[in-house]
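# Quick one, fold the following:
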Amino acid sequence: MSTTSPLDGLRFAFGTLTVLPVRVTRWDRPAARGGMLAAPLVGLVVGGCAAGLGLGLLHLGASTLLAAVASAAVPAVLTRGLHLDGLADTADGLGSGKPAEDALRIMKQSDIGPFGVLTLVLVLLAQVAALTQLYDESWALGAVAAVVSAAAARLALTLAARAGVPAARPEGLGAAVAGVVPVRGAVLVAAAVLLAAAGAGGCFGPYEPHVYAVLGPIEAPPVFEPYDAVRPALAVLAALAAAELLLRHCTRRFGGVTGDVFGGLAETAATTALVALALLG
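Residues are numbered from 1 along each chain as shown. Presented below is the predicted three-dimensional model:
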């Protein structure tokens, strides 16, 4: 029996969750377990790219609204819009009010229904509005928010793939990753992401708004406030709570998870994290 290396899990994570040219060498349960445990690392890369583009535009003199749109667009581009598509399909399935079998059939259709369209519009508007407010408050906070929300989105996938959560269908990505993550492993990864989010807030939260100079020297020395570290951690907890509520509802309605449900969970967690950061200011 062949062993699974950490690289197998990383390839699985980046190869299935992004458009980056990473070849998935193994498509079995052990590789899927490693991949779902590494999912927050994918969020770190995706969020870092989103933050980098947003900060780059601010440095060139763009408005915070344009920077927010760019930061919201990067995750969609780097995932081929699969998470957004999953969110729309999940909304159509839940909104149909039909039995599980019929709802799953609706979710597999290529078109997007009215529930899906409305959900997409509201979610993207919420993401852009929250990021705009956060970039207005501080260029550093906006960048941290982009990274934290992306990591929280992928952490929601790790938790949704924990043991005990069944697949709604016998095929597809949902079936490939459903139940592969030990509960203890999921808890440890969640704790690591929470600590990392708190550390990012503690390091960058005190910086003043970008009226000084984007990515330039800070005129006044930053003063650390404990709440700067607590704020991102609370946002991650809020994101996980929202994703867990959606996961349980989908499990009841559909009998388990699907690839679409995973996409819906990721977008729900990302949006909740951004809105929570904006509200907790």
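# for the helix or strand of the chain with the lowest mean pLDDT, packing partners?
When each helix and strand of the chain is scored by mean pLDDT, DSSP states H and E, helix 173-177 comes last, with a mean of 87. In terms of contacts (3 or more CB pairs under 8 Å, 6 or more residues apart in numbering; DSSP states H and E), helix 173-177 is packed against helix 29-37, helix 259-279. (Glycine included, C-beta is placed from N, CA and C.)
# any idea of the angle the longest one forms with helix 29-37?
Following axes from the mean of the first three to the mean of the last three CA atoms, to 10 degrees, one obtains 20 degrees for the angle between helix 259-279 and helix 29-37.
# re the thing from before, now tell me what touches the least confident helix or strand of the chain from outside.
16, 27, 29, 32, 35-36, 157, 161, 167-169, 256-262 (CB atoms under 8 Å, 6 or more residues apart in numbering).
# likewise stretch 249-257?
For stretch 249-257, contacts defined as CB under 8 Å, 6+ apart pick out 90, 93-94, 100, 103-104, 160, 165-169, 174, 178, 247, 261, 264.
# Which of those residues fall within helices?
Among the contacts of stretch 249-257, the members found in helices (DSSP state H) are 90, 93-94, 100, 103-104, 160, 174, 247, 261, 264.
# any idea which of these has the most stuff around it?
The most crowded member of those, judged by other CB atoms under 10 Å, is residue 264 (32 neighbours).
# Could you report the pLDDT at that residue?
Listed pLDDT for residue 264 reads 97.
# and the residue nearest to it when sequence neighbours are not counted, what does it touch?
Distances taken as CB to CB, 6 or more residues apart in numbering place residue 90 nearest to residue 264, at 3.6 Å, with adjacent residues excluded. Neighbour list for residue 90: 107, 246, 250, 260-261, 263-264 [criterion: CB under 8 Å, 6+ apart].
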